[in-house]
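Q: What follows is a predicted structure for the sequence shown.
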Amino acid sequence: MKKLLLLFILLALPLSADCPITDFVIEPEQPLYGEDIDVLLRGSCESGLRPPGARIRVDGSTIAIELRPQLGLTLAPSFWGERVFLGRILPGTYEVVVRDVNREWGRRTLVVRDRPFSIAPNFGNEGTEAVLRGVHPTGCSAPPCFTVRFGGVPATDAHTVEGGDIVVTAPAHTAGLVDVTVTTGSETLTLTEAFRYGSPAESDYERVLLPMTVLAPGAHGSDWASDIVVQNNAPVTVDTEPRFYVDPDSPVQPLPTAIPPGRKAYFPYRFTDGGAFFYFPRGAGPYLGYASHILDRSRNTTDLGSEIPVVRARDTASKIFLPNIPVSDLFRARLRIYDFDVTVSRLVLVTLRTDDGKAFAFGLRLNASPIVCPTTPCLQPAPPFRALDLAPSAGAETVDITVESFEKDARLWAFASVTNNETQHVTMHTPLHDRPQQ
Amino acid sequence: MTATKRLLPLLFVLLCAVSSFGEYVERFEFDPASPVEGETFEVLVNGWWPSGGPPFAPQVVVDGHRIEIRFQAAKNGPPVISYWGARVSVGPLDAGTYVIAVRAAGDVLQEKTLVIEPRPFTVIPGFGPSGSEVLLRGVQVPAECRLGECLQVKFGGVPGEAARFFDRSGDILIRTPDHADGLVDVSLSTPIGDSVVAPKAFRFGRALGAGDYERVLFPVTFEGPGAHGSDWTTNIIVRNDSPLTVETAPLFWLNPDSTTSGPPILGPFPPAGRARFRELGSQAGRFLYIPRGLESFFSYSSHILDQSRAGTNLGTEIPVVHVGDTSNRIRLVNVPLDPAFRARLRIYEWDSQPRFVTVTVINVLEDEQHIIRLRLDAAVITCPTTPCLQPEPGYAALDFSTIPALAGAALGDVIIESETGDARLWAFVSVTNNETQHVTLYTPQHKNP
């Protein structure tokens, strides 16, 4: 009876508990039209009542993120997180307001810059070659019929290439962000704060996750190697982190360099499981192609390996579903979990549901080992990671796996590999779903 | 010279045919057809261009409730007619009436009015019979009038039944009331009136068309014998983690506890239901249609397997393709062309439209290019009733061993490109060992251009 009374009192409490926002971040920091925009919200609730979700409403220049009503009861203080996908917002200045039915939680100004053309790379120094896409001077292929300026200074060696892109060489300029303009006839197109002279910031990069970058012996005499090829299809050199292109025609042992136009390079191996991040200048992503496979080299005449996806932030979710994973003594099944956000060792909930109706749930903490850098940019080489070998369960032939973060702002990715003990053929089970409902 | 003379009258006729701006545009559509408040949508435009370079590099310019999609284009070049097209992402927009205009070379080619309906909350799915359960997302329940107390949800003015919270997400489950077929407003009603209305938010009855659904493509749904004694099957498992019973197209869920005799009765997916996709036998793959708003509750496992060697191999994962994975230009890097393996390129066209694509195979070591023009064809169905959901995409396949110029090549880069920017293509190469039948895939791993 006392418990019922307590429950009644708690239910009668106003549900707009005090949950201040500690992080309210718009990503990317300075979005351009056409880029997907996320809003990251994090906070803590003294009562433990976390906001369970959000929806977006647009009203002119106000974008409201409405947190849903808080449900359920938890007495312990809790942290909460939400990653709200705004998508591609039209150019303009907006107020992003976070609110619930009772009050406003916070607001930020969002400026979506127009993108009359794109530029890659978006940073460099005097002499850096850049490609401009989206503006085609007609009837000519070089100045003076069009002019490209970096911070008001004419670029050198501007010319058009196949497909209509413009390739320019950045002129001398002092360090900092500059506008890039293209003038054709009487029309001038301006991409604001488009090119940074000097050392790049972390936000000047995009990244992908290469989940398997391993070179290591395995069970049953196997000899595993990742085979990841990166191709630069841009008409200019693309500098990457890490660098791994080496000139095959060099007479001496060369140092790795940026990838020249049209060239390919093999991503370097790591000797530990857990994958690696690959960074490249923001805007260069569409110019890069990949082939990514894992292969048992001891049997490479009978099997060219299994494809491993190249993972982008958009492929991640706070909840991952992997249905129908085979578990058998004949095969080794291993679950690998990755976190796109590097600095936290996050606890995730793994649930296994067998086809004979049993369910097992347990927590796993991902191992994060962020590096510390003396200078910027500090690009983290590897994601937090955890692997789990799935033991065969008596009576079950398959399991459905769910990997879930307690914080809904998490960006997880996971897959299960199922390897035949005899042939070492690897069958992949990756998340084939769209971003699940949060 | 003779050929040129023959073409000149045709050119003249075509130039006359496209002499008014509106006729430069053949298709001008929104996807989804009726976007609502807060929903990102695409504008699809394609047509002919009479001279110079065709329109390209669209920019979206907003001026109040007029939205212009401005293309760069030239009209003073040589009189060469070219086909052009683009898909431009717009939104999300707030509710209201907009004029969407397409402009190129300074002229408005065409414009349309678009009404964006308000959506203070969303009804998922947006159609269904009386008595079906739906999900309400984004309802702000007033503190003074709670669900199950005085707050009512009305469909066309008739209160829904058995409203309850689904879980801690704040989504509400509710049963639709008895109502005649048709499109209705859904409202939240308190004792002081209908305070919040989502106009035209639910249709009693059947879906009208593909716009009422989301879809995924299963690129391989093949079952049958293959080369070298192989016996292929596709194993696609689909799971519904939504709280609703979901009527997919096609239906393929089978009650595992059914004890009825006779042929199995395929039904809609119950919550937590799981089933094997049964529509096998097509080389072109199949679409699975799921009512709009519910696809993200679904998860999949999809593999192709040689059953004659099933003890050594659990098969190869085949991606499940979403519309966001498609592109008008696809590049597949470092594809092995070794004669010990069979390399086959498969190309899919999301819109089930007949279309030509250009396939360029670059012999990597020799740096030679081989260009092939392929026509994608779709088995388009016609239906006596709505919705008419195309079961298959446009499709073509190409065995690289049939290209004599590639004999002896070890590696190839493959580029698949449509003639216009509005195409939604997907493609992959399967490389199969002739002895072990192990399949290695090369799928598009790049970001869409």
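A: The structure has been received and is ready for your questions.
Q: How about the contacts made by residue A:231?
A: Applying Cβ atoms under 8 Å, 6 or more residues apart in numbering or on different chains, we find residue A:231 in contact with A:262, A:263, A:264, A:288, A:289, A:290, B:331, B:333, B:334, B:413. (Each C-beta comes from the backbone N, C-alpha and C, glycine too.)
Q: Drop anything exposed from those.
A: Neighbour counting over those (16 or more other Cβ atoms under 10 Å in any protein chain shown) leaves A:263, A:264, A:288, A:289, A:290, B:331, B:333, B:334, B:413 as the buried ones.
Q: Can you add pLDDT and distance to residue B:419 and give those back as CSV?
A: Output for those, formatted as CSV (pLDDT from 0 to 100; distance: Cβ to Cβ, whole Å):
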residue, pLDDT, distance to residue B:419
A:263, 94, 29
A:264, 94, 28
A:288, 95, 24
A:289, 95, 21
A:290, 96, 26
B:331, 95, 17
B:333, 94, 23
B:334, 94, 26
B:413, 95, 20
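Q: Take these and keep only those in helices.
A: Using DSSP state H, no member of those falls in helices.
Q: show me where chain A has helices.
A: A:2-12.
Q: can you tell me which residue is nearest the centre of it?
A: Among the residues of chain A, the one closest to the centroid is residue A:313, at 2.6 Å (Cα atoms, centre = their mean).
Q: Then chain B?
A: By Cα atoms, centre = their mean, the most central residue of chain B is residue B:323, 4.2 Å off.
Q: measure that one to residue B:363 for me?
A: Residue B:323 sits 33 Å away from residue B:363, going by Cβ to Cβ, to the nearest Å.
Q: Flag every residue of the stretch 151-300 of chain B that's near chain A.
A: B:165, B:168-171, B:216, B:237, B:239, B:241-242, B:274, B:295-300 (Cβ under 8 Å from any Cβ of the partner chain).
Q: The residue nearest to residue B:103 when sequence neighbours are not counted bridge partners, please.
A: Nearest residue to residue B:103, sequence neighbours excluded (Cβ to Cβ, 6 or more residues apart in numbering or on different chains): residue B:70, at 4.7 Å. Beta-bridge pairing of residue B:70 under DSSP bridges involves residue B:59, residue B:103.
Q: returning to that earlier point: just the buried ones among the contacts of residue A:231 now: which is nearest residue A:332?
A: residue A:290 (26.2 Å; Cβ to Cβ).
Q: dump the residue contacts of the nearest residue to the closest one once chain neighbours are set aside.
A: Of all residues not flanking residue A:290 in the chain, residue B:445 sits nearest, at 3.9 Å (Cβ to Cβ, 6+ apart). By Cβ under 8 Å, 6+ apart, the contact set of residue B:445 is A:289, A:290, A:291, A:292, A:309, A:310, B:333.
Q: and residue B:445, what element?
A: Applying DSSP states H and E as the criterion places residue B:445 outside every helix and strand.
Q: State the distance from it to residue B:331.
A: Residue B:445 is 9 Å from residue B:331, where distance means Cβ to Cβ.
Q: what is in contact with those two at once?
A: Residues touching both residue B:445 and residue B:331 (Cβ under 8 Å, 6+ apart): residue A:289.
Q: Please work out how many residues are found near the spatially closest residue to residue A:336 that is not a sequence neighbour.
A: Leaving aside its sequence neighbours, residue A:336 sits nearest to residue A:387 (Cβ to Cβ, 6+ apart; 5.0 Å). Using other Cβ atoms under 10 Å in any protein chain shown, residue A:387 is surrounded by 13 other residues.
Q: Name the nearest of the buried ones among the contacts of residue A:231 relative to residue B:55.
A: Proximity of the buried ones among the contacts of residue A:231 to residue B:55, judged by Cβ to Cβ, is greatest for residue B:331, which lies at 23.9 Å.
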